[in-house]
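Asker: Coordinates for the following, if possible.
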Amino acid sequence: QVQLVESGGGLVQAGGSLRLSCARSGGTGSWWSMGWFRQAPGKEREFVASINWSGSATEYGNSVKDRFTISRDDAKNMVYLEMNSLKPEDTAVYYCVAQKSVYLIGTRIPRPDFWGQGTQVTVSS
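Answerer: Below is the predicted model of the structure:
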């Protein structure tokens, strides 16, 4: 069974930056597509970013393009989300997700199999 544990959330002022981390354990083999979703109070869950198994391709939600960057370190089984120029509307619980696939999570995989417990990000105005 795959376990995903997020860290790095917190409170930040608008315009600031945060870096989320996700540690993956369990599961066998490679070809793990990784990503992030978020959910704000009263809103539907939203795709944020994903990275393919090799790190050669990424996909971003329209609302975070050019501000967020996803990366991975497979030697440590870690995935990161660097968030810059944060806005109050970025406030949400951020979830790390994983899917064993050659495809990117997001358009091709809208509902990945594995989810972390989430980490709260709050951006104050």
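
Asker: what about stretch 99-117, average pLDDT?
Answerer: The pLDDT scores in stretch 99-117 average 93.

Asker: which residue packs closest to the residue sitting nearest the centre point of the chain, ignoring adjacent ones?
Answerer: With distances taken as Cα atoms, centre = their mean, Trp36 lies nearest the centre of the chain, 2.2 Å away. The shortest distance from Trp36 to any non-neighbouring residue, by Cβ to Cβ, 6 or more residues apart in numbering, is to Val48 (4.2 Å). For the C-beta atoms, the positions are set from N, CA and C on the backbone; glycine is no exception.

Asker: Please verify my assumption that that neighbour contacts Phe37.
Answerer: Yes - with contact defined as Cβ atoms under 8 Å, Val48 counts as touching Phe37 (5.8 Å).

Asker: any residues in contact with both of these two?
Answerer: Tyr94 (Cβ atoms under 8 Å, 6 or more residues apart in numbering).

Asker: For Gln120, give its distance to Ile105.
Answerer: Per Cβ to Cβ, to the nearest Å, Gln120 is found 21 Å from Ile105.
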